[in-house]
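Participant: need a structure here:
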Amino acid sequence: MIEMPETRKARSAMKRIFFAILIASFGQQTEVQAQQDILSDIRFLADDARQGRGVGTDGLDAAADYIAERFQEIGLEPVAGSYFQEFRLDPTAPALAHSGIGAADVKNVVGFLPGTGAIAFELVVMGAHYDHLGLGGSGSLDPDSTGVVHNGADDNASGTAALIEAARLLAGREENNRRSVLFIAFTAEELGLLGSDYYVKNPLLPLADTYAMINMDMVGRMRDNKLITIGTGSATQMLRLLAAANEEFGLQLSPVADPWGRSDHSSFYAANLPVVHLFTDVHEEYHRTTDDWQTINIEGIATVAGFAAEVAWTMATAGEALDFLVVSQPQQSGGGGYGAYLGSIPDMSSSPGGVRFTGVREGSPADIAGLMAGDILVQIGEEVVADLQGMTDALRKHRPGQTVIVAVMRDGGRVELEVTFGRRGG
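Facilitator: A predicted model of the protein is given here:
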């Protein structure tokens with residue numbers, strides 16, 4: 001029996017509809033599975049058994065082991081034979097001065113997705129910190145909560161789970177010519193960005209080959225489809241790049257040009273690298289014992305992870321280099337705060353007989369005076385500065401608009417510079 005052309009067309013159309021339904025169904029199943037995996041990751045990381053993932057706890061080590069296992073399952077490669085970058089915290093560092101922690105052995109967790117072609121040696125870094133406040137203490141916003149587990153589901157089990165999901169998404173994509181992607185779960189962020197600071201100072205792969213850094217910190221409470229993108233002023237192309245990646249997602253992006261901030265992207269920006277920090281904003285559970293997995297928007301995290309993966313892919317396959325931009329110091333306003341404003345960025349990881357700067361803010365009094373990254377501040381006016389507390393005390397004794405001589409150690413020698421202090425912003 002000869003099949004008429006109209007019948008063949010009808011069968012062909014039915015096949016197309018069948019396969020479209022099958023593909024859509026498979027996609028829905030994949031999406032549901034991804035959300036289930038994200039939830040499973042968060043529930044493990046934010047379980048009471050992890051002891052709030054505080055530095056020095058067995059729970060933090062268990063979290064690191066878990067992340068390394070997930071990286072391995074996805075197919076990420078270890079770097080230099082290990083998924084861990086281990087180091088010891090300096091108990092005399094400003095970040096640990098009043099923590100009661102003392103020396104502690106910690107580790108960043110690192111996974112590598114090799115690139116292909118001529119630009120495979122270049123790197124896109126994706127990061128999220130996996131530590132939290134442990135049993136509360138000075139960082140907690142809950143009164144009388146010392147000794148109570150702070151699970152940190154949003155801060156930052158959410159970013160860690162998004163990092164794992166982004167790695168899974170990227171591991172399944174192929175392109176003949178693309179940059180490598182390095183995934184890093186940072187430790188000790190809550191103490192002062194210590195994990196990312198250590199990586200930047202001791203990179204496992206050449207820092208000069210790093211194209212850009214994407215940070216995910218607190219991405220678990222998306223509301224109204226809104227995603228804050230911090231650091232859009234760090235590169236000329238950043239806004240355009242984010243907009244292109246967002247075409248598929250339709251997120252309400254809220255750009256913040258300033259790339260400085262209290263999260264791990266700041267360590268990379270201080271090293272003159274373009275950055276973007278993805279963030280779904282603060283909430284009433286921030287740094288409180290109530291930041292538990294039940295409060296998390298899992299669908300929102302899945303969306304952020306997909307968007308982050310698309311941003312990373314766009315960066316990994318881009319033909320042009322990003323043009324790094326130095327962001328000017330925002331205008332300081334009156335009110336709020338007290339004491340003189342300098343505009344330096346202190347190194348929280350060590351105490352070298354003064355205060356070492358990891359950078360200075362563009363247009364700040366420190367920048368205008370000629371202070372720079374690597375300087376060790378040892379004196380402000382008549383006040384000798386032995387550590388960060390000494391620097392704070394000295395600044396409080398001076399007033400905005402006052403001009404004094406500050407002394408720093410630079411390249412082994414003492415350098416004296418004239419600084420006119422600014423006014424702290426509100």
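Participant: C-alpha only now, for contacts and for neighbours.
Facilitator: OK.
Participant: Please spell out which residues along the top strand by length along the chain are buried.
Facilitator: Ranked by residue count under DSSP state E, the longest strand found in the chain is strand 104-113. By neighbour count on 16 or more other Cα atoms under 10 Å, the buried set for strand 104-113 is 106-113.
Participant: what does stretch 147-162 give?
Facilitator: So stretch 147-162, judged by 16+ other Cα under 10 Å, has buried residues 148-162.
Participant: and the gap between the closest residue to residue 191 other than its chain neighbours and residue 394?
Facilitator: Closest residue to residue 191 apart from its sequence neighbours, by Cα to Cα, 6 or more residues apart in numbering: residue 95 at 5.5 Å. The gap separating residue 95 from residue 394 is 19 Å, by Cα to Cα, to the nearest Å.
Participant: Of those two, which one has the most company?
Facilitator: residue 95 (22 against 19; other Cα atoms under 10 Å).
Participant: Does that one touch residue 348 like I think?
Facilitator: Yes - here residue 95 reaches residue 348: they are 5.1 Å apart, a contact under Cα atoms under 8 Å.
Participant: element containing the nearest residue to residue 383 once chain neighbours are set aside?
Facilitator: Spatial nearest neighbour of residue 383, chain neighbours left out: residue 394 (6.0 Å); criterion: Cα to Cα, 6+ apart. Applying DSSP states H and E as the criterion places residue 394 in helix 388-396.
Participant: Next secondary structure element downstream of that helix?
Facilitator: By DSSP H and E, the next helix or strand past helix 388-396 is strand 403-410.
Participant: Same question for that next one: list its buried residues.
Facilitator: For strand 403-410, by 16+ other Cα under 10 Å, it's 406-410.
Participant: What is it packed up against?
Facilitator: Contacts defined by 3 or more Cα pairs under 8 Å, 6 or more residues apart in numbering; DSSP states H and E place strand 403-410 against strand 376-380, strand 413-420.
Participant: how much distance is there from it to the middle of the chain?
Facilitator: 32 Å (Cα atoms, centre = their mean, to the nearest Å).
Participant: If you average the pLDDT over that strand, what comes out?
Facilitator: For strand 403-410, mean pLDDT rounds to 95.
Participant: try stretch 342-349
Facilitator: Averaged across stretch 342-349, pLDDT comes to 84.
Participant: cool, and stretch 116-136?
Facilitator: The model assigns stretch 116-136 a mean pLDDT of 96.
Participant: again with stretch 374-383
Facilitator: Stretch 374-383 comes out at a mean pLDDT of 94.
Participant: can you check stretch 307-322 too?
Facilitator: 96.
Participant: Can you dump the C-alpha atoms of it in CSV for me?
Facilitator: The C-alpha trace of stretch 307-322 is given here as CSV (Å, rounded to 0.1, in the frame of the first residue of the first chain):
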residue,chain,number,x,y,z
PHE,A,307,22.2,32.2,35.4
ALA,A,308,25.7,32.0,37.0
ALA,A,309,26.6,29.0,34.7
GLU,A,310,25.5,31.0,31.7
VAL,A,311,27.6,34.0,32.8
ALA,A,312,30.6,31.7,33.3
TRP,A,313,30.0,30.1,29.9
THR,A,314,29.7,33.5,28.2
MET,A,315,33.0,34.5,29.8
ALA,A,316,34.7,31.2,29.0
THR,A,317,33.8,31.5,25.3
ALA,A,318,34.2,35.3,24.8
GLY,A,319,36.6,36.4,22.1
GLU,A,320,37.7,39.6,23.9
ALA,A,321,39.4,40.2,27.2
LEU,A,322,37.5,42.2,29.8
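Participant: Tell me the bridge partners for residue 183.
Facilitator: Counting by DSSP bridges, residue 183 is bridged to residue 111, residue 126.
Participant: ok, it touching residue 163?
Facilitator: Yes - counting by Cα under 8 Å, residue 183 does reach residue 163; the two are 7.4 Å apart.
Participant: in the stretch 251-400 of the chain, which spans are strands?
Facilitator: For the stretch 251-400 of the chain, the strands defined by DSSP state E, counting those that start in this stretch cover 252-256, 275-279, 340-341, 344-346, 355-360, 376-380, 383-384.
Participant: between the ones you listed, which one is nearest to residue 291?
Facilitator: Shortest distance between residue 291 and these, using Cα to Cα, is found for strand 275-279: 15.8 Å.
Participant: Packing partners of that closest one?
Facilitator: strand 210-216, strand 226-230, helix 265-269.
Participant: buried set for it?
Facilitator: So strand 275-279, judged by 16+ other Cα under 10 Å, has buried residues 275-279.
Participant: Would you convert these into TSV that also reports distance to residue 340 and pLDDT?
Facilitator: Compiled in TSV, those are given as follows (distance: Cα to Cα, whole Å; pLDDT from 0 to 100):
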residue	distance to residue 340	pLDDT
275	29	98
276	30	98
277	29	98
278	32	98
279	30	96
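Participant: Just give me the closest of those residues to residue 215.
Facilitator: Nearest member of these to residue 215, counting by Cα to Cα, is residue 277, at 4.5 Å.
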